[in-house]
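In: Need the 3D shape of this:
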Amino acid sequence: MRTPLSEKKLQELIEKIEPFKVGFDAIGEHVIITDENANILYANKGVEEQTGFSIQEIIGKTPADVWGGKMPKDFYKTLWHTIKTEKKPFVGELNNVKKDGTKYWQEIHIHPIFNHDGTIKFFIAIEPNITERKEKEKFKEEFISIISHQLKNPLTVMKWTLEILAKIEGATSSDQKRIKVVLENTQSIIDLVNDLTIISKIGKIDTQTNIDLFTVINSIIEQAKVANRNTVIEFKKDMEPCIIKSNSTLSFEVFKNLIFNAAEYSDKDHGIVNIHLKKENDYYLFSVENNGIEIPKNEQSKIFSKFFRASNASDRKESGTGLGLFIAKMICDYFGWQISFKSPTDKGNGAIFHLKIPI
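Out: Numbering: from 1, shown residues only. Below you'll find the predicted structure:
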């Protein structure tokens, strides 16, 4: 709830912020200083240029009175909880509207300024315009979505056709080999399209639901067993149930990439994958370990890089997009999960990946 300022109180506060204004007038970016209730006490020229409102129209009002207030209620609830209750800086992206009705995007950085007794004195907000960047991101998302849609259907048809051809009796050994190569390449392109689709969604999906990790992990294990019939996959859990609140699509991708990666790169003849899930203090700890090839020491710093495959990866799996672990790391960073790995494991081979998930 806004607390309006009297003219006298407004002038008193404006005089108090005089020392804070030094330097802000010369900055081209949007900068405002408000009291603890968001009443604007100072705005630089950058605010006029970005919003179209004059300084006279801005002073004494809140951002919501002029260009703001267009984001969902939960956004502002989180913002105010961060800066006023936790008394911490806040960083976020928000959509605002100029005086002429034009919508634009800003990256907002709000910093509390305190009195000697620890109470909040002012807020300083620096809000660069990121409209151009957001438009480029939107174009990239739409482009990937269109390309994925246009490629996926014909690639799937090609795969089905090749699978049928591979089963036809009478084909020569040479023809069978050619069909196998084309089929594998087609599957690689399908995997790449799927990976690009997931990448385009990271940071853009806000829907969260309660997810039972046991159900998710067991579902992925069953899929991995079918795809890797020579690999034994064991799942040990120390408690149940194990419920987290997250986005189901992206969460599934993290566990799928880690479990499939472990199964695919386990020992070729006698693969073993051990999965463990337990609770420790305020975290769920997940690990997946295999008995396959080690990740070369001089390449471990690149393991989460885009399109990277270890130099010895083809010894176990001929092809791959090099995006699985990159995607897992991107999603974990977005969620605030911690992902790490060790190779070789304490058993002297393979690799073990860890997830630390806040409850």
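In: residues contacting the closest residue to Lys317 other than its chain neighbours?
Out: The spatially closest residue to Lys317, leaving aside those adjacent along the chain, is Glu264, at 5.1 Å (C-beta to C-beta, 6 or more residues apart in numbering). Where C-beta positions appear, they are placed from N, C-alpha and C, glycine not excepted. Taking C-beta atoms under 8 Å, 6 or more residues apart in numbering, we find Glu264 in contact with Ala227, Asn228, Arg316, Lys317.
In: Now flag whichever of the residues you listed is closest to His111.
Out: Nearest to His111 out of the contacts of Glu264 is Lys317 (C-beta to C-beta; 48.8 Å).
In: Tell me, how many residues neighbour the closest one?
Out: 14 (other C-beta atoms under 10 Å).
In: rewinding a little: give me the distance between the residue nearest to Lys317 and Ala351.
Out: Separation of Glu264 from Ala351 (C-beta to C-beta, to the nearest Å) stands at 12 Å.
In: circling back to that earlier point, redo the contacts of Glu264 as TSV? Include pLDDT and secondary structure.
Out: Output for those, formatted as TSV (pLDDT from 0 to 100; DSSP: H, G, I helix; E, B strand; the rest coil):
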residue	pLDDT	secondary structure
Ala227	86	helix
Asn228	89	coil
Arg316	78	coil
Lys317	75	coil
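In: Grab the nearest non-local neighbour of Asn218.
Out: Leaving aside its sequence neighbours, Asn218 sits nearest to Phe235 (C-beta to C-beta, 6+ apart; 6.9 Å).
In: err, Gly46, not the other one
Out: According to C-beta to C-beta, 6+ apart, the nearest residue to Gly46 is His30 (4.7 Å).
In: Who is the one you found paired with across the strands?
Out: Glu127 (DSSP bridges).
In: follow-up on the earlier one: return the member of the contacts of Glu264 nearest to Glu169.
Out: Using C-beta to C-beta, Ala227 comes nearest to Glu169 of the contacts of Glu264, at 26.0 Å.
In: and the closest one, how many neighbours?
Out: Residues near Ala227, counting by other C-beta under 10 Å: 10.
In: Renumber starting at 560 from here on
Out: Sure, I'll start counting at 560 from here, so that last one is Ala786.
In: So it versus Gly909, what's the distance?
Out: From Ala786 over to Gly909 (counting by C-beta to C-beta), the distance is 18 Å.
In: repeat for Pro855
Out: Between Pro855 and Gly909 the distance is 13 Å, computed by C-beta to C-beta.
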